[in-house]
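Colleague: one predicted model, sequence on top.
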Amino acid sequence: MPVQETVILLDIEGTITSISFVKDTLFPYVTNNLVNYINKLWGKEKLEIDLELLREQAAIDSNSELEGFVPIVSGDNAKQSIIDNIRWQMSIDRKTTALKQLQGHIWKEGYENGVLKGHLYEDVLPVLNKLIKLGKRIYTYSSGSTNAQEYLFQYSMYGDVSNVFIKYFDTKMGPKNSVTSYTNIANDIGVNCGDILFLTDILTEAEAAIKAGCNSALLERPGNAPLDPEKSSTFKIMKTLNELLEN
Ligand SMILES: CSCCC(=O)C(=O)COP(=O)(O)O
Ligand SMILES: [Mg+2]
């Protein structure tokens, strides 16, 4: 059997989806549609749920020393301060649950109206389907919200492929470079960390997974940030998922 672990836990951006799709297609879609989206749903419960999370995050951020922090205010400037806060968070690619939840809801419209099609590297589906036949269970863990992950697979360039994945995990399990996030995921799945192989493009995420007792390997996709050869020397580095099927 090529892979020993029973659970394959996949990062998304830089691992099974290109960074370029996220940075050059998904993020600009939010930037270009943000004001319209907020104006359209202003005062509606659907938006209010996301705004509540953004306000909670802004209250936390106001006590830290984050460069360029934009407060969310009430009153006449409330709407503009929310838009500016979101733009600020996006300018530094923050991975807060609040930002990711709102982005996911904006992308939903783009997927549904056919403007967005989720990118997947061509090796991903053939390999995952072979692994499923070998009895492996496939999960994802991304900073993108569970909704955003679901839409990406439901409206992928290969059609609806969401049935490949048992469950999507996001930062509600904890940040991706935190050790406890991986124990939380193992507990949720009902396996030991040692039964999980976590694949990612980010060294600190792989290190956190290893510290939790999981196994991990790194993906080196075109356009990914280069891996430090010294720091990543203890990890298997793969160019595609095909290497999971090799002995
Ligand atoms: C799941 S699609 C949205 C991608 C995204 O917003 C993101 O931050 C990706 O981070 P990842 O943890 O998948 O590298
Ligand atoms: Mg990634």
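Modeller: Perfect, I can see it now. Ligands and ions are numbered 1, 2, ... in the order given.

Colleague: neighbours of whichever residue of the chain sits closest to ligand 1, how many?
Modeller: Going by CB to the nearest ligand atom, ligand 1 is nearest to residue 144 of the chain, at 2.4 Å. Every residue, glycine included, has its C-beta placed from N, CA and C. Residues lying near residue 144 (other CB atoms under 10 Å) number 27.

Colleague: before we move on, what about the one 3 residues further on?
Modeller: Number of residues near residue 147 (other CB under 10 Å) recorded here: 17.

Colleague: same question for the one 3 residues further on.
Modeller: Counted with other CB under 10 Å, the burial measure for residue 150 works out to 19 neighbours.

Colleague: is it true that it touches residue 161?
Modeller: No. In this structure residue 150 lies outside contact range of residue 161 using CB atoms under 8 Å: 11.0 Å.

Colleague: buried residues, the longest helix seen in the chain. List them.
Modeller: Ranked by residue count under DSSP state H, the longest helix found in the chain is helix 45-62. Residues 47, 50, 51, 53, 54, 55, 57, 58, 61 are the ones in helix 45-62 that count as buried (16 or more other CB atoms under 10 Å).

Colleague: put together TSV for those, with distance to ligand 2 on each row.
Modeller: Formatted as TSV, the buried residues of helix 45-62 follow (distance: CB to the ion, whole Å):
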residue	distance to ligand 2
47	28
50	23
51	27
53	22
54	23
55	28
57	21
58	25
61	23
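
Colleague: where in the chain is pLDDT low?
Modeller: 1 (pLDDT under 70).

Colleague: what segments of it are helices?
Modeller: Using DSSP H, helices in the chain cover 19-20, 27-41, 45-62, 78-91, 97-112, 124-133, 146-154, 179-189, 203-211.

Colleague: care to break the chain down by domain?
Modeller: 7-17+118-245, 23-112 (automatic domain parsing).

Colleague: what number of residues lie near the residue lying closest to residue 161 once chain neighbours are set aside?
Modeller: With CB to CB, 6 or more residues apart in numbering as the criterion, residue 161 has its nearest non-adjacent residue at 5.2 Å, and that residue is residue 153. For residue 153, the count of nearby residues is 23 (other CB under 10 Å).

Colleague: residues contacting residue 153?
Modeller: Counting by CB atoms under 8 Å, 6 or more residues apart in numbering, residue 153 touches 118, 160, 161, 162, 164, 165.

Colleague: pretty sure the first one contacts residue 108?
Modeller: Spelled out, that is residue 118. No. Counting by CB under 8 Å, residue 118 does not reach residue 108; the two are 11.9 Å apart.

Colleague: got the residues of the chain near ligand 1?
Modeller: Within the chain, the positions near ligand 1 by CB under 6 Å from any ligand atom are 11-14, 22, 26, 95, 100, 142-144, 148-149, 152, 176.

Colleague: restricted to strands, list those.
Modeller: Residues of the residues of the chain next to ligand 1 located in strands (DSSP state E): none.

Colleague: closest to residue 78 out of the residues you listed?
Modeller: Within the residues of the chain next to ligand 1, proximity to residue 78 (CB to CB) peaks at residue 100, which comes in at 21.7 Å.

Colleague: how many neighbours does the spatially closest residue to that closest one that is not a sequence neighbour have?
Modeller: Leaving aside its sequence neighbours, residue 100 sits nearest to residue 145 (CB to CB, 6+ apart; 4.5 Å). Counted with other CB under 10 Å, residues neighbouring residue 145 total 23.
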